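Chemist: here is the input, now give the coordinates:
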Amino acid sequence: MLDQGKGAPIPIAAEKSRVDAGLALEYRQKGLLWYSVYVVDFAGVYTFRNPGDEAHAIYDGLAIDVDGRPLPFVSSRDGASVSAVVEPRKAAAFRMIYRSQGLEYWRYNPGDDVTQTRDFELTMKTNFKEIDFPLSTLAPTEKREDAAGWELIWKYRNLISGFQIGMTMPEKLQPGPLAGEISRFAPVSLLLFFLLMFILTTLRNIDLHPMNYVFLAAAFFAFHLLLAYLVDHVSIQLAFLICSVVSVGLVVSYLRLVAGPRFAFSKPAGATDLSRPFFVHVFPEGFTGLAITVGCVVTLFVVMQVTGHVRWKERFAAD
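Modeler: Numbers count the residues shown, from 1 in each chain. Predicted coordinates:
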C-alpha cells in the first residue's frame, strides 16, 4: 500500500509477481485416522511501483527484504507489515520467504475479492502424483510430471479474477471409517452369502438345518468383529487378509464336519469372499451405494449362470 501522508494508505497492485511453492506431503496417523500433513516452502518476489511523487510506501506481508535490504516487520491483529522508502516513479522488489505446515489443502490468494494481477507466474512443485484442486480455484496453465511428482505453473499477463490458486492433498485410505462402512453393510453381505450357500447345497443335495445357518452367520460376522479391533494395530491391508483367513477358516472347518471335506474345501470359501464387500474401499467416497449395487448385480449374474439349467420343480419335488 502507498502512504502519501494524506490519510489512509492507498492499495496498489504488484506489476510483477514471481512465486514458488514447494509442497511436501507426509501422512501421519492418530488412532484410526490418517491425516494429510504437508510442509510448504514459499518464496515470492513482487515488484511494486510508486505511482506518485511522494516517497513513502508500506507493503503488507511477512517480508525478508525489499530490493535486497533486510527489513524488520511489524505484527498486528490484521497481519504483518514492513515499510520501505521507494523513490518517486521508481519500482521496488518485495521478497517474502517462509516455511509452514498445514492439513488437507494449501491455497494462495492473490488478493481480496476480484483482483487484477499483472505479469503473474506461480510455480508449484509436489512430491506426490495424485493432484487435485479445491473448488473455485484456478487450474494451472502448464504442468509437467517428473519422478517425484508434478511441476505446475500458473502464468498470466493480465488476470482479473476472484479465484484463488490451491492444491488438495491426496488422502490415505482411512481404516476406521472403512471398517465401519463395511460393518454397516454386513447384513447385505450375509444375505448374499446365505443365497450362495442355499444354491450350492441345493445343487449338491446337501440338507442344512437352520442351526447350521446360525453358526455360519457367526463365522461370517467374525470377520467384521475382528476387523473393527484389528485395524487399530496393523495396516488395513493386513487386517483384511487376517480377517478373511479367520472367517473362511471358520466356515470351511465347520462345513467339513456338516457336509464333508469335499464340499467344504470347494465352493464355500469362494462364496464367503464373493459376498463380502471388499470392493467398497476401491470406490471414491460417496460411491459406497454404487459399490454395493455392483456387488449384488455381479452375485446375481453368477447365481443365474450357475443355476440356469436347474429344474427347480423337479429338484424340490425329489426332496
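
Chemist: would you mind splitting this protein into its domains for me?
Modeler: 16-168, 175-318 (automatic domain parsing).

Chemist: for these, give me TSV that also has mean pLDDT.
Modeler: TSV is the format used below for the domains of the chain (pLDDT from 0 to 100):
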stretch	mean pLDDT
domain 16-168	78
domain 175-318	76
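
Chemist: need the ones you listed in TSV (columns: mean neighbour count).
Modeler: The C-beta positions use only the backbone N, C-alpha and C, and glycine is treated the same way. Output for those, formatted as TSV (neighbours: other CB atoms under 10 Å):
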stretch	mean neighbour count
domain 16-168	15
domain 175-318	15
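
Chemist: for the helix or strand residue 199 falls within, what is the distance to the chain centroid?
Modeler: According to DSSP states H and E, residue 199 maps onto helix 186-203. The gap between where helix 186-203 is centred and where its chain is centred comes out at 34 Å by CA atoms, centre = their mean, to the nearest Å.

Chemist: next helix or strand past that helix?
Modeler: Using DSSP H and E, the helix or strand that follows helix 186-203 towards the C-terminus is helix 210-230.

Chemist: coming back round to it: who does the helix holding residue 199 touch, helix- and strand-wise?
Modeler: Contacts defined by 3 or more CB pairs under 8 Å, 6 or more residues apart in numbering; DSSP states H and E place helix 186-203 against helix 210-230, helix 268-275, helix 288-307.

Chemist: could those go into a markdown table alongside distance to residue 189?
Modeler: A markdown table is the format used below for the helices and strands packed on helix 186-203 (distance: least, CB to CB, whole Å):
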| stretch | distance to residue 189 |
| --- | --- |
| helix 210-230 | 8 |
| helix 268-275 | 5 |
| helix 288-307 | 8 |
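
Chemist: so which of those is nearest residue 152?
Modeler: Ranking the helices and strands packed on helix 186-203 by proximity to residue 152 (CB to CB) places helix 288-307 first, at 31.1 Å.

Chemist: next, the angle from the closest one to helix 186-203.
Modeler: If you take axes from the mean of the first three to the mean of the last three CA atoms, to 10 degrees, helix 288-307 sits at 0 degrees to helix 186-203.

Chemist: can I get helix 288-307 as PDB, trimmed to CA atoms?
Modeler: In PDB, the C-alpha atoms belonging to helix 288-307 read as follows (Å, rounded to 0.1, in the frame of the first residue of the first chain):
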ATOM      1  CA  THR A 288     -20.500 -46.900  -1.500                       C
ATOM      2  CA  GLY A 289     -24.100 -47.400  -2.500                       C
ATOM      3  CA  LEU A 290     -23.000 -47.900  -6.100                       C
ATOM      4  CA  ALA A 291     -20.300 -50.400  -4.900                       C
ATOM      5  CA  ILE A 292     -22.900 -52.500  -3.000                       C
ATOM      6  CA  THR A 293     -25.200 -52.400  -6.000                       C
ATOM      7  CA  VAL A 294     -22.400 -53.600  -8.400                       C
ATOM      8  CA  GLY A 295     -21.600 -56.400  -5.900                       C
ATOM      9  CA  CYS A 296     -25.200 -57.500  -5.800                       C
ATOM     10  CA  VAL A 297     -25.500 -57.400  -9.600                       C
ATOM     11  CA  VAL A 298     -22.300 -59.500 -10.000                       C
ATOM     12  CA  THR A 299     -23.500 -62.000  -7.500                       C
ATOM     13  CA  LEU A 300     -26.900 -62.300  -9.200                       C
ATOM     14  CA  PHE A 301     -25.200 -62.800 -12.500                       C
ATOM     15  CA  VAL A 302     -23.100 -65.700 -11.100                       C
ATOM     16  CA  VAL A 303     -26.000 -67.400  -9.400                       C
ATOM     17  CA  MET A 304     -28.200 -67.100 -12.600                       C
ATOM     18  CA  GLN A 305     -25.500 -68.600 -14.700                       C
ATOM     19  CA  VAL A 306     -24.800 -71.500 -12.400                       C
ATOM     20  CA  THR A 307     -28.500 -72.300 -11.800                       C
END
